[in-house]
Structures are given as structure tokens and as C-alpha cells.
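In: what's the 3D shape of this:
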Amino acid sequence: MTSELQSHKDTDVVSESRSGGQGQALFPTSSVCVVGLGYIGLPTASILASKGYQVAGVDVREDVVETINRGEIHIEEPDLDVLVKAVVANNRLKAIREPQPADVFIICVPTPFTGDHRPDLSYVEKASKAIRPHVRPGNLIILESTSPPRTTEDVVAKHAVPEGLVVGKDVFVAHCPERVLPGRILIEAVENDRVIGGMTPACTQKTKSFYQSFVTGEVMATTAVSAELTKLVENSFRDVNIAFANELSVLCDHFDVDTWEIIEMANRHPRVNILSPGPGVGGHCISVDPWFLVDAAPELTNLIRTAREVNESKPQHVIDKVLKLSARFTNPVIGCLGLTYKSDVDDLRESPSLDITRALMNSDAGEVLACDPLITEDQFSEFPLHTLDEVLKRSTLIVLLTDHQQFREISPAVLHEKVVVDTRGIWR
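Out: Next up is the predicted model:
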């Protein structure tokens, strides 16, 4: 693989809005191969199929492939089941185990970190190597997975582009980070503004044209490194602000005052907007992405590192609080409500709610009953799950960890005789 890199000024951002995305795709291609059919890959593949593309979705798990090819889904996302059923039925989407030739390749695989907070790019590398035998002149290769700076060039282009093909002339490589909210993915993947960063201006332009065929939001063009940094900066900004709220909640506990009352009153100031605290920060974005910046420039990211440390320490604060309260009782029963990292989704990735429940179960505090109406026994078997009615009836101490709608609807009368730890402030 050789490269035809050109000057690509970070400040020269080109933006364009497009109201297309209806009917047959306008981009001059017909086939797309999406590698990774998880929370981002499957919705992306389904949307593209609904816009007229012939889509092959690749996943290494046989059960996932079989489920999708039946027109069913293996993840929880509003309206995704209807869309997948439709595009599979009309033969626009097919799930397979190995990549196949296509006009466009989109990599949507996990980018976790290791135990010492170093980026683990092994999935990106494996996906890049897997598509390499199928890459041909004219192909477009897009990395959507959130990644550290220079991943597009140093990992994707290095391993996906065959020798003899010139990046920016024969093959086009770019990064377009996803920026969607679970529960709204099908909406935001189309309507949100997108940042496109190619390895060369030609890569950027070709990628922008592709996204404009189905995205109605603004499409902003920059370099690959700038696109990578933009996504990491977005989530690091959110992490820093959440850290302030979480540290404030610990401070308020110290002074035995109502955290949410303090925030509500402080936010009446016209230039103050404090976020709501929680039991920690979870999910695969905010709890992971800041570490990519810390790893890339440790001497320049003191605030980002500190915010991560504050948010990672919050679960232990909740655990200590529950243990202290449970010590007042003989043989207490602790009910933990919610295991997922946020409300009304079935995503357990990096969930502080799960970590807290697990730690309480491993303690000697008493019997612990866990409940999460969005998690089924098929997807989770580490410990038993109980019904909400059973937990409310048997528990001495109720710990609200994830604010699912079902928990918001619990009658105050039911909680009146319980000791309550509300980490989300929904029962004030």
C-alpha cells in the first residue's frame, strides 16, 4: 500500500447539508459490506439497506448471523426489529460470517481498552485484515469505530489496503465516527451532523458524498486525525462535566444535604448548568474514549485523567454508603434496581450499576436481590434476576442504580417503609 497524502488543513472545514436519503441511494455504488453487527453496525447496515444499497453484514458470531437472517435482532433498540425484518425480507440485507467484495466497506467493531487503560485496537486490525483480500480499485473503506488518533492511517490503511494500491487515488480511506444515542440510533444516525475525515482530500470528498446519500444532517469534512480527535473530545467534555456532578454529590453526602436541591438552585444562575450525578459513568463511549486521549498525550491531559478517576471512584462511594446503611440491620435484604449503564436500554457494557451490584453480592452485607426488566436470562446468567414485585416486597434497603421507566412508576407508598439509596434522584 502506498499513499498520496496531500496538505489537508484542519481549519479548512467544509460543510454541506443534504435533505436526501429517500429512495434509491444517490451515491454511485450498489454494495456495502458492514463489518460488525453490534449496537452501531446493525442499525447502520439496516439503514443503508432501506436506502437502496445491497448490504452484507459481517459478524463472527454464528448465532448473531442466524438471528439476523431470520429477520430478528439480538440487541434492544426501538424500531430496529421492524426495519431489520423488512430489509431482510426484501433481500437488501444478508448477514454472513466472512467479508465479501463490495464497493464500500464500513468497520464497526469494538475498540475497548486494556486493564491499564491502553487502547485495544485488535478488533480493528482483525477487521482490516479480513477485508483486505476483497479490496479493489475504486473501493471506499470507512472506520466508524471510535478510535485513538492516527488509527485510520496506522491500522486501517496499513492492514486493509493491498500492496500496489494508492490511498487517495486507487482506494479511499476515511474515518466517520458514530455519534448516536442508544434508544435513538435509527433517528440520529440519519439526522445528526456527521464529521468526515479522509486520509486525503479525495478520500474525504468521496466519503462525504456517500454519507450525503442517506444522512439529512450537516456533513462536515476535515482530516482523519481531526475526525478521530473530534469524537474523543466530545465524550471527554461530557465526562469532565459529569465528574463535576459526581464529585459534588460526594461533597453533598459529606455535608448531609440534598445533591439535587443544590444543583437545582445553582442552575437558576443564568450561566450555570450542572449535570445530574449518578452511580458512575458507563457505556462504551464516555467511560472509554477519554482514556484514548490520556494514552495519546499523558502529559497534556491532566484534567481529563482526573475526571476519569473521579467517575471511576463513584461506584465505590455508592457501595460504601449502602454497606454503612445495611449495617444498621440484622440480616438485611438489599434490592438493587437496574444493571444497565443507562435507562431503558439493555446495554451492560462498562456499567457501574452492574459493578455495584456485583460488589454488594460479594460482600457480607446481606442477601442481595437484583432486578432489571430489560435484561433477560438468555443474555445474562452471572447471578439470578428477580421480579420487581419480589424485590420491593422482600427488600429492607432499596438501591436505585438505573432509572428505567418501570422504576420511575413505583408508588411512593411502596418506598415509604424502605431505606432508599437513590443514585439518580428520581424519587425526590
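
In: residues in contact with Arg358?
Out: 382-383 (C-beta atoms under 8 Å, 6 or more residues apart in numbering). Any C-beta I mention is one placed from the backbone N, CA and C, and that applies to glycine too.

In: next, give phi and psi for it.
Out: phi -60, psi -40 (degrees, to the nearest 10).

In: quick one: it from Asp193, how far?
Out: 38 Å (C-beta to C-beta, to the nearest Å).

In: what do you get for Pro78?
Out: In terms of C-beta to C-beta, Pro78 sits 21 Å off from Asp193.

In: how about His317?
Out: Applying C-beta to C-beta to His317 and Asp193 gives a distance of 36 Å.

In: who has more neighbours, these two?
Out: The neighbour comparison of His317 against Asp193 (other C-beta atoms under 10 Å) goes to His317, with 18 against 14.

In: quick one: secondary structure of the more buried one?
Out: helix (DSSP: H, G, I helix; E, B strand; the rest coil).

In: which residues touch it?
Out: 250, 253.

In: go again with 6 Å.
Out: Going by C-beta atoms under 6 Å, 6 or more residues apart in numbering, His317 touches Val250.

In: what of the one 5 residues further on?
Out: By C-beta under 6 Å, 6+ apart, the contact list for Val322 reads 399, 421.

In: report the distance from the helix or strand hosting it to the chain centre.
Out: Element membership of Val322, judged by DSSP states H and E, is helix 302-326. Between the centre of helix 302-326 and the centre of its chain there are 21 Å (C-alpha atoms, centre = their mean, to the nearest Å).

In: for Ile75, which non-adjacent residue is closest in space?
Out: Tyr39 (5.8 Å; C-beta to C-beta, 6 or more residues apart in numbering).

In: helix, strand or coil for the one you found?
Out: Per three-state DSSP, Tyr39 ends up coil.

In: next: the one 4 residues further on.
Out: Three-state secondary structure (criterion: three-state DSSP) places Pro43 in helix.

In: quick one, what contacts it?
Out: Pro43 sits next to 80, 185-186, 189 when contact means C-beta under 6 Å, 6+ apart.

In: Leu229 too?
Out: Pro149.

In: give me the phi and psi for it.
Out: Torsion angles, degrees, to the nearest 10, at Leu229: phi -70, psi -40.

In: relative to Leu400, how far out is the residue lying closest to Pro279 once chain neighbours are set aside?
Out: Leaving out its chain neighbours, the residue that sits closest to Pro279 by C-beta to C-beta, 6+ apart is Thr423, at 4.2 Å. Look at Thr423 and Leu400: by C-beta to C-beta, they are 6 Å apart.

In: just Asn241 next, same as before
Out: Taken as C-beta to C-beta, the span from Asn241 to Leu400 is 22 Å.

In: looking at the two, which is more packed in?
Out: Taking neighbours as other C-beta under 10 Å, Asn241 and Leu400 compare with Leu400 leading, 24 against 14.

In: any idea how far that one lies from Glu247?
Out: Distance of Leu400 to Glu247, given as C-beta to C-beta: 20 Å.

In: likewise for Tyr341?
Out: Tyr341 sits 19 Å away from Glu247, going by C-beta to C-beta.
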